[in-house]
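> got a predicted structure plus its sequence, pasted below:
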Amino acid sequence: MERPQPVEVYGILLHRVTAERWGLISKFKARPDDLLICSYPKSGTTWVQEITEMIQYGGDTEKCGQAPIYKRMPFLEMPHTIVSSVEEADALPSPRRLKTHLSVQLVPASFWEQKCKIIYIARNVKDTAISYFHFHHMNKTLPDPGTWDQFLENFLAGKVVWGSWFDHVRSWWEAKECHPILYLFYEDMKENPACEIQKIANFLGLELPESILNRIIQHTTFDNMKSNPMTNYTTLPSSVMDHTVSAFMRKGIVGDWKEYFTVAQSEKLDDISAYKLGGTGLTFRTHL
Ligand code: A3P
């Protein structure tokens, strides 16, 4: 399959198929009890999706095992010819759980109008960039990343699909001031999953007995999600995601960036982060 080139929508690069259906996506009708799970790509979205479903299903692993995650939770801006779609979401009964990687300004207006709850998951920029680089290799719907150096340049310039990481994490951070958004960090989830799972349950207004909490922690460890075909994306055809190139569930750690970044690249990112996120109060941990 030839890799499609992304297209700009309001200045942000998106998949061609997203751009082609933008009219439909932007007019998406959110319902007040929709839950939107949102992130910049490779921030731990799938992890939060599975945890959230497990909480809402009271720790019932069978219910979560009924279908691959991308079937259970439509990916708003991706058409069903690849994974899922707006039409698929329209057909779902309430309450719905939906996934998006859209930045604040591109999220369909109905989500704000309906005051839908949103869970945002963010991950430090260095590990996100590395994970995204590997993901470009295995995900044939994304452009060829070139070398690591080339990819990093494009990533820093926001010239990758879903745009600038800095603008994404910052605008969602600011959006939580006037909207019900639970802003989570991948590093916190690695450090203390029980605490972060409890936060999600509280945000959803659900009780979480200790036995169920422990079952959720166990079910959503990296190793268990990596070996679970309902969460590891191996059910997609290899023409879309080729796991022999790089697994979707690749390493699942904090600090993998140290294997790839030069000292100069690391310092450059620190400088850009300080400049772009300065004054926001938003900080990230790059190791635990
Ligand atoms: P790596 O490529 O660094 O391994 P997303 O779901 O947003 O695409 O994010 C994918 C990243 O989250 C991958 O990172 C993947 O391994 C990691 N991940 C997924 N499930 C995880 C889990 N249960 N625990 C830790 N990391 C997880």
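Ah, there it is. Residues are numbered from 1 along each chain as shown.

> can I get the helix or strand where residue 137 lies in CSV? Just the C-alpha atoms.
Assigned by DSSP states H and E, residue 137 belongs to helix 125-138. The C-alpha atoms that make up helix 125-138 are tabulated as CSV, following Å, rounded to 0.1, in the frame of the first residue of the first chain:
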residue,chain,number,x,y,z
VAL,A,125,7.7,15.0,24.7
LYS,A,126,10.8,12.9,24.4
ASP,A,127,9.2,9.5,24.9
THR,A,128,6.2,10.6,22.8
ALA,A,129,8.5,11.6,19.9
ILE,A,130,10.3,8.3,20.0
SER,A,131,7.1,6.2,20.3
TYR,A,132,5.6,8.2,17.4
PHE,A,133,8.8,7.6,15.3
HIS,A,134,8.5,3.9,15.7
PHE,A,135,4.8,4.0,15.1
HIS,A,136,5.4,5.7,11.8
HIS,A,137,7.5,2.8,10.7
MET,A,138,4.8,0.2,11.4
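
> quick check: buried residues in that helix?
Neighbour counts using 16 or more other Cβ atoms under 10 Å place 125-136, 138 of helix 125-138 among the buried residues. Any C-beta I mention is one placed from the backbone N, CA and C, and that applies to glycine too.

> now pLDDT and distance to the ligand too, for those, in a markdown table please.
Rendered in a markdown table, the data for the buried residues of helix 125-138 read as follows (pLDDT from 0 to 100; distance: Cβ to the nearest ligand atom, whole Å):
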| residue | pLDDT | distance to the ligand |
| --- | --- | --- |
| 125 | 98 | 13 |
| 126 | 98 | 11 |
| 127 | 98 | 6 |
| 128 | 98 | 8 |
| 129 | 98 | 10 |
| 130 | 98 | 7 |
| 131 | 98 | 3 |
| 132 | 98 | 8 |
| 133 | 98 | 9 |
| 134 | 98 | 6 |
| 135 | 98 | 7 |
| 136 | 98 | 11 |
| 138 | 96 | 10 |
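
> re earlier: can you name the element that comes right after the helix holding residue 137?
Proceeding C-terminally, helix 125-138 gives way to helix 148-156 as the next helix or strand, assigned by DSSP H and E.

> ok, and for the next helix-or-strand element following that following helix, which residues are buried?
Using DSSP H and E, the next helix or strand after helix 148-156 towards the C-terminus is helix 165-175. Within helix 165-175, the residues scored as buried using 16+ other Cβ under 10 Å are 165-170, 172-173, 175.

> so which elements touch helix 165-175?
Counting contacts by 3 or more Cβ pairs under 8 Å, 6 or more residues apart in numbering; DSSP states H and E, helix 165-175 packs against strand 117-122, helix 125-138, strand 181-185, helix 263-277.

> as a markdown table, these with distance to residue 73 would be great.
A markdown table is the format used below for the helices and strands packed on helix 165-175 (distance: least, Cβ to Cβ, whole Å):
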| stretch | distance to residue 73 |
| --- | --- |
| strand 117-122 | 12 |
| helix 125-138 | 19 |
| strand 181-185 | 16 |
| helix 263-277 | 29 |
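
> residue 157 is nearest to which of these?
Between residue 157 and the helices and strands packed on helix 165-175, the shortest separation by Cβ to Cβ is 10.5 Å, and it involves helix 263-277.

> what's the closest one packed up against?
Where contact means 3+ Cβ pairs under 8 Å, 6+ apart, helix 263-277 is packed against helix 125-138, helix 148-156, helix 165-175.

> who's in contact with it?
Outside helix 263-277, the residues that touch it by Cβ atoms under 8 Å, 6 or more residues apart in numbering are 125-126, 129, 152, 156, 166-167, 169-170, 257, 261, 283-284.

> and the residues you listed, which is closest to the ligand?
When those are ranked by distance to the ligand (Cβ to the nearest ligand atom), residue 257 comes first, at 9.1 Å.

> so which of the buried residues of helix 165-175 also contact the ligand?
Judged by Cβ under 6 Å from any ligand atom, the overlap between these and the neighbourhood of the ligand is nil.

> next, format those residues as CSV and append pLDDT and distance to residue 17.
Converted to CSV, the buried residues of helix 165-175 look like this (pLDDT from 0 to 100; distance: Cβ to Cβ, whole Å):
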residue, pLDDT, distance to residue 17
165, 98, 22
166, 98, 26
167, 98, 22
168, 98, 20
169, 98, 25
170, 98, 27
172, 98, 24
173, 98, 29
175, 98, 26
